[in-house]
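Participant: attaching a predicted model along with its sequence, questions to come.
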Amino acid sequence: MKRRDFEEVYSSGKRETSKHFILISLKPPTLPPQSDSRNYGIVVSKKNGSAVCRNKIRRRIKEILLKAVPDNKMVFVVIPRHKNVATADFLELKQDLFFLLKKAKIVSQDDLVFDKNI
């Protein structure tokens, strides 16, 4: 995603929150043009800790999204809410993010592959 895509999602997107994450999604009518196939962004601020901690959070979220989100035309941004995302149980993070994805109607129950080994 490019900067203008993030700005469009922030200004026009719908916000959903959970214990660990904030998800901002944008539906197709106002969808910004995309030059690449990536349809999500992960924003981890400096409030979430050092660079090592932020990168760990980013990797954990990316792993969950790669397994859970089908290729669709929805643009969304995931923002971790607390530092404890880096140390939280991976299964708990996965359940929390799946809950948000369903709540925002990005995925349906049928789309989700919930494997505890992932």
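Facilitator: Cool, the structure landed.
Participant: make it CA atoms for all contacts and neighbour counts henceforth
Facilitator: Will do.
Participant: which helix or which strand is home to the closest residue in space to Ile22 that isn't next to it in sequence?
Facilitator: In this structure, Ile22 finds its nearest non-sequential neighbour in Ile79, 5.0 Å apart by Cα to Cα, 6 or more residues apart in numbering. According to DSSP states H and E, Ile79 maps onto strand 75-80.
Participant: residues in contact with the helix or strand that that strand is followed by?
Facilitator: Following strand 75-80 in sequence order, the next helix or strand is helix 90-103 (DSSP H and E). Residues lying outside helix 90-103 but in contact with it, judged by Cα atoms under 8 Å, 6 or more residues apart in numbering, are 16-21, 23, 60, 64, 68, 85, 107-109, 112, 116.
Participant: which stretch of helix or strand covers Arg15?
Facilitator: Applying DSSP H and E, one finds Arg15 within strand 14-17.
Participant: just checking, what packs against that strand?
Facilitator: Secondary-structure packing of strand 14-17 (3 or more Cα pairs under 8 Å, 6 or more residues apart in numbering; DSSP states H and E): strand 21-26, helix 90-103.
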